[in-house]
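Participant: Have a look; sequence and predicted model below, questions after that.
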Amino acid sequence: QLQLVESGGGLVQPGGSLRLSCAASGFSLDYYDIGWFRQAPGKEREGVSCISSSGISTNYADSVKGRFTISRDNAKNTVYLQMNSLKPEDTAVYYCAAEPRRFGLCVFSWKYDYWGQGTQVTVSS
(Lines give C-alpha, C1' and ligand atoms only; values in the text may rest on other atoms or scores of the structure.)
Protein backbone atom coordinates (compact mmCIF):
# COMPACT_ATOMS: atom_id res chain seq x y z
CA GLN A 1 0.00 0.00 0.00
CA LEU A 2 1.38 3.37 -1.04
CA GLN A 3 1.41 5.75 1.87
CA LEU A 4 2.85 9.05 3.06
CA VAL A 5 2.97 9.73 6.78
CA GLU A 6 3.74 13.13 8.28
CA SER A 7 5.07 13.61 11.79
CA GLY A 8 6.72 16.26 13.91
CA GLY A 9 3.88 18.68 14.37
CA GLY A 10 2.90 20.15 17.71
CA LEU A 11 2.48 23.28 19.78
CA VAL A 12 5.31 25.79 19.72
CA GLN A 13 5.73 29.37 20.88
CA PRO A 14 6.22 32.18 18.37
CA GLY A 15 9.84 32.30 17.31
CA GLY A 16 10.28 28.59 17.93
CA SER A 17 11.16 25.76 15.57
CA LEU A 18 9.77 22.45 14.44
CA ARG A 19 10.94 19.84 11.97
CA LEU A 20 8.30 17.97 10.04
CA SER A 21 9.00 14.60 8.46
CA CYS A 22 7.26 12.91 5.55
CA ALA A 23 7.98 9.20 5.37
CA ALA A 24 6.94 7.04 2.46
CA SER A 25 6.02 3.39 2.56
CA GLY A 26 5.17 1.07 -0.27
CA PHE A 27 7.11 3.09 -2.85
CA SER A 28 10.41 4.86 -3.32
CA LEU A 29 10.54 8.63 -3.10
CA ASP A 30 13.55 8.57 -5.45
CA TYR A 31 11.18 8.98 -8.38
CA TYR A 32 8.98 11.70 -6.93
CA ASP A 33 9.02 15.43 -6.43
CA ILE A 34 7.64 16.23 -2.98
CA GLY A 35 5.58 19.18 -1.86
CA TRP A 36 4.57 20.49 1.53
CA PHE A 37 1.20 22.18 1.79
CA ARG A 38 -0.81 23.63 4.63
CA GLN A 39 -4.39 24.48 5.37
CA ALA A 40 -5.53 26.76 8.15
CA PRO A 41 -9.13 26.77 9.44
CA GLY A 42 -11.39 28.63 7.04
CA LYS A 43 -8.65 29.05 4.45
CA GLU A 44 -7.74 27.30 1.23
CA ARG A 45 -4.86 24.91 1.07
CA GLU A 46 -1.63 26.60 0.03
CA GLY A 47 1.74 25.40 -1.14
CA VAL A 48 4.59 25.92 1.30
CA SER A 49 7.63 24.31 -0.27
CA CYS A 50 8.62 21.61 -2.72
CA ILE A 51 11.75 19.73 -3.70
CA SER A 52 12.77 17.87 -6.81
CA SER A 53 13.45 14.14 -6.76
CA SER A 54 17.20 14.77 -6.83
CA GLY A 55 17.02 17.40 -4.11
CA ILE A 56 18.81 19.91 -6.31
CA SER A 57 15.81 22.14 -6.98
CA THR A 58 13.61 23.67 -4.30
CA ASN A 59 10.79 26.18 -4.23
CA TYR A 60 9.24 28.19 -1.39
CA ALA A 61 6.17 30.31 -0.85
CA ASP A 62 7.08 33.94 -0.24
CA SER A 63 5.57 33.76 3.23
CA VAL A 64 8.12 31.16 4.40
CA LYS A 65 11.27 32.10 2.47
CA GLY A 66 14.23 32.48 4.76
CA ARG A 67 12.45 30.68 7.61
CA PHE A 68 11.65 27.21 6.24
CA THR A 69 14.04 24.73 4.65
CA ILE A 70 13.04 21.62 2.75
CA SER A 71 15.38 18.67 2.39
CA ARG A 72 15.27 14.99 1.61
CA ASP A 73 17.10 11.81 2.48
CA ASN A 74 16.26 9.30 -0.21
CA ALA A 75 18.16 6.58 1.65
CA LYS A 76 15.62 6.98 4.47
CA ASN A 77 12.75 7.54 2.02
CA THR A 78 11.92 10.71 3.93
CA VAL A 79 11.49 14.41 3.21
CA TYR A 80 11.85 17.07 5.90
CA LEU A 81 10.59 20.58 6.46
CA GLN A 82 12.62 22.56 8.97
CA MET A 83 10.54 25.47 10.21
CA ASN A 84 12.27 28.26 12.13
CA SER A 85 11.08 31.62 13.44
CA LEU A 86 7.53 30.34 13.51
CA LYS A 87 4.68 32.82 13.58
CA PRO A 88 1.07 32.42 14.67
CA GLU A 89 0.02 32.67 11.03
CA ASP A 90 1.96 29.46 10.35
CA THR A 91 -0.67 27.58 12.35
CA ALA A 92 -2.25 24.98 10.08
CA VAL A 93 -2.45 21.33 9.23
CA TYR A 94 0.60 20.49 7.16
CA TYR A 95 0.49 17.88 4.43
CA CYS A 96 3.14 16.32 2.25
CA ALA A 97 2.39 15.12 -1.25
CA ALA A 98 4.23 13.23 -3.99
CA GLU A 99 4.27 13.96 -7.72
CA PRO A 100 6.05 11.71 -10.25
CA ARG A 101 9.34 13.46 -10.99
CA ARG A 102 9.41 16.01 -13.79
CA PHE A 103 13.10 16.93 -13.91
CA GLY A 104 12.55 20.63 -13.47
CA LEU A 105 11.57 23.23 -10.90
CA CYS A 106 8.72 21.89 -8.79
CA VAL A 107 5.55 23.94 -8.50
CA PHE A 108 2.57 23.86 -6.20
CA SER A 109 -0.07 23.68 -8.92
CA TRP A 110 0.66 20.10 -9.91
CA LYS A 111 -1.95 17.48 -9.06
CA TYR A 112 0.34 15.48 -6.72
CA ASP A 113 -0.72 11.83 -6.86
CA TYR A 114 -0.24 10.86 -3.22
CA TRP A 115 -1.06 12.77 -0.05
CA GLY A 116 -0.43 12.20 3.62
CA GLN A 117 -3.01 12.56 6.38
CA GLY A 118 -1.52 15.76 7.76
CA THR A 119 0.08 16.91 10.99
CA GLN A 120 -1.12 19.84 13.09
CA VAL A 121 1.22 22.76 13.74
CA THR A 122 0.06 25.33 16.27
CA VAL A 123 2.09 28.45 16.97
CA SER A 124 0.83 30.20 20.07
CA SER A 125 2.04 31.68 23.30
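Facilitator: Yep, it's here.

Participant: so what's the most centrally placed residue in the chain bridging to?
Facilitator: What sits nearest the mean C-alpha location of the chain, by C-alpha atoms, centre = their mean, is Trp36, with 2.5 Å. Beta-bridge pairing for Trp36 (DSSP bridges): Ser49, Cys96.

Participant: Going forward, count from 806.
Facilitator: Taking 806 as the first residue, the last one we looked at is Trp841.

Participant: so what's it up against?
Facilitator: Trp841 makes contact with 825, 827, 852-855, 875, 884, 886, 899-902, according to C-beta atoms under 8 Å, 6 or more residues apart in numbering. In this view, the C-beta of every residue, glycine as well, is placed from N, C-alpha and C.

Participant: and with 6 Å instead?
Facilitator: By C-beta atoms under 6 Å, 6 or more residues apart in numbering, the contact set of Trp841 is Val853, Ser854, Leu886, Cys901.

Participant: Among these, which one is most surrounded by other residues?
Facilitator: Among the contacts of Trp841, Cys901 has the most neighbours (other C-beta atoms under 10 Å), with 32 neighbours.

Participant: That residue and Leu809 touch, don't they?
Facilitator: Yes: with contact defined as C-beta atoms under 6 Å, Cys901 and Leu809 form a contacting pair (5.5 Å).

Participant: Now do the shared contacts for these two.
Facilitator: With C-beta under 6 Å, 6+ apart, Cys901 and Leu809 have common neighbours Cys827, Gly921.

Participant: what separates Thr924 from Leu825, distance-wise?
Facilitator: To Leu825, Thr924 is 6 Å away according to C-beta to C-beta, to the nearest Å.
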